[in-house]
Structure formats: C-alpha cells, structure tokens
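Asks: Just the structure for this:
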Amino acid sequence: MSSRSRVLVIGAVAVVAAAAALAVALFAFGGDEESYRGSTPPEGIELPAFSLPDEQGQVVDSSGLDGKVTAVTFLDTQCTQACPVIASAVGQALDRLPGDERRDVVALALSVDPAEDTPESVGAFLERHRVRGELRYLVAPEDELRPVWDAFGVMASLDSGSDDLHSAPVRIFDRNGVWVSTLNAGADLTPESLAHDLAVALDS
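Replies: Prediction:
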C-alpha cells in the first residue's frame, strides 16, 4: 500500500471514530435529558384518592387531575426550614415552563398542620413566597386530612409536635397519575431540577 493510501485509510478511520464518539456523546446527552433527576420510586404507585378544599375554598379532587402532571408536597405555614425552600422552588420551577406546558401542570401543597394553617396564615405564606395562584394549598380538618397523610405515607408536623419536623418531599405524578419522581429540599430539589422533571413527565 502506498504512503498516500495509508494516509487516506488512516484519515477515514479517524473520521469514523470521531463520528462514533459524537454519536455516543449525543446519545448519552439525550438519555440524561430524558431521565428524572429526582429519586425513582417503586413502579406502579398511583396518586392516592382525595377531595380537599384549597385556600380559596375550591375543592381539588384527584379524579379531576387525569391528563395533568401533578406535583404534590406537604407543608406547614409555620415551618421555617424546608417549607420556604420548597414553596420557592415550586414557584420558580413553574415559571421556567413554557405556557403550553405550564397549563398541564398542577402544583399542590397538603397541610400537615391544619389547626395552625388558617386562611390568614396560608394566604400570608403564599404571598411571602410568591406562589399565590401557582401553588394550591389544601387545608381541611384533621379527620379529613389524616387518611390522605396515611395514603401518601407521610408524617405530619401535627404528630411530631414541631412545625419543622414533618415529611416534606415533592412528588411528581405523570399524566396517568403514576408516581415517577421525588425531590427533597436540601438534597436534589432545585428549581431547575423540578422544572426538568415536570417537563420529562409531561413528555412521557
């Protein structure tokens, strides 16, 4: 083989190798973008059934959330640690979604301290963290909320005796009502990651 032929063969091999490397990189990048950033729950767990009023007195029924991606968290308006971080992250995440995607997302906060989560404290909390109209805060008497807490498997601050000590994950349910991702304040919850996981759930 002439030296010129060797150069052409080596050049061709280099081009093929570079193309293969680029394909692998693009595939890996695409796979990452299509994966949830939050922790993955066990398969097949669906959104528990509930029917609870929000801070405006409008009832939110889980059966009416079909076709929507739903983010659910658990808050106490007197909490000063995780709850402000969560509320702020939810608001910023929703602001990152395009209008057509935002319309298909419902963000809900379930009270874990209904005695102290009065209409006044809830309204002040939502205003303070700039999520009024973005995050619907569901509050009801303890006897109505307790079965919902049990269905979600969360601990309420009402039971711990401390406003700052309660379950506070952000769980994402896809359009079919299946739990697909969980993000936690102080760990993997950021506005960017929450917006990312909501977008993935919308596309799934």
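Asks: Next secondary structure after the worst-scoring helix or strand of the chain on mean pLDDT?
Replies: Least confident helix or strand of the chain, by mean pLDDT, DSSP states H and E, is helix 3-33 with a mean of 37. Sequence-wise, the next helix or strand downstream of helix 3-33 (DSSP states H and E) is strand 51-53.
Asks: Which elements pack onto the next helix or strand after that following strand?
Replies: Proceeding N to C from strand 51-53, the next assigned helix or strand is strand 59-61, under DSSP H and E. On a contact count with 3 or more CB pairs under 8 Å, 6 or more residues apart in numbering; DSSP states H and E, strand 59-61 meets strand 51-53. To be clear about C-beta, it is placed using only N, CA and C from the backbone, and glycine gets the same treatment.
Asks: tell me the mean pLDDT over the strand it packs on?
Replies: Strand 51-53 shows a mean pLDDT of 98.
Asks: go on, stretch 88-104?
Replies: 97.
Asks: What lies in contact with it?
Replies: Residues outside stretch 88-104 that contact it (CB atoms under 8 Å, 6 or more residues apart in numbering): 67-69, 71, 73, 105, 107, 109, 129-131, 134-135, 170, 175, 185, 189-192, 194-195, 198-199, 202.
Asks: mind listing what's buried in it?
Replies: Neighbour-count burial for stretch 88-104, with 16 or more other CB atoms under 10 Å as criterion, is recorded at S88, A89, V90, G91, Q92, A93, L94, L97, E101.
Asks: So which residues of the chain form helices?
Replies: 3-33, 82-96, 99-102, 119-128, 142-152, 157-160, 191-203 (DSSP state H).
Asks: Quick one, which of the contacts of stretch 88-104 are buried?
Replies: 68-69, 71, 73, 105, 107, 109, 129, 131, 134-135, 170, 175, 185, 189-191, 194-195, 198-199, 202.
Asks: Which of those fall in strands?
Replies: With DSSP state E as the criterion, strands contain V69, A71, T73, V105, A107, A109, L135, V170 from among the buried ones among the contacts of stretch 88-104.
Asks: Tell me who's in contact with the first one.
Replies: By that I understand V69. Counting by CB under 8 Å, 6+ apart, V69 has contacts D104, V105, V106, I172, F173, D174, R175, L198, A201, L202.
Asks: For burial, what's the neighbour tally of Y137?
Replies: Look at Y137: counted by other CB atoms under 10 Å, it has 26 neighbours.
Asks: So for it, what pLDDT did the model give?
Replies: 98.
Asks: Quick check: bridge partners of it?
Replies: When bridges are called by DSSP bridges, Y137 pairs up with A109.
Asks: how far away is it from P53?
Replies: From Y137 across to P53, the span is 10 Å (CB to CB, to the nearest Å).
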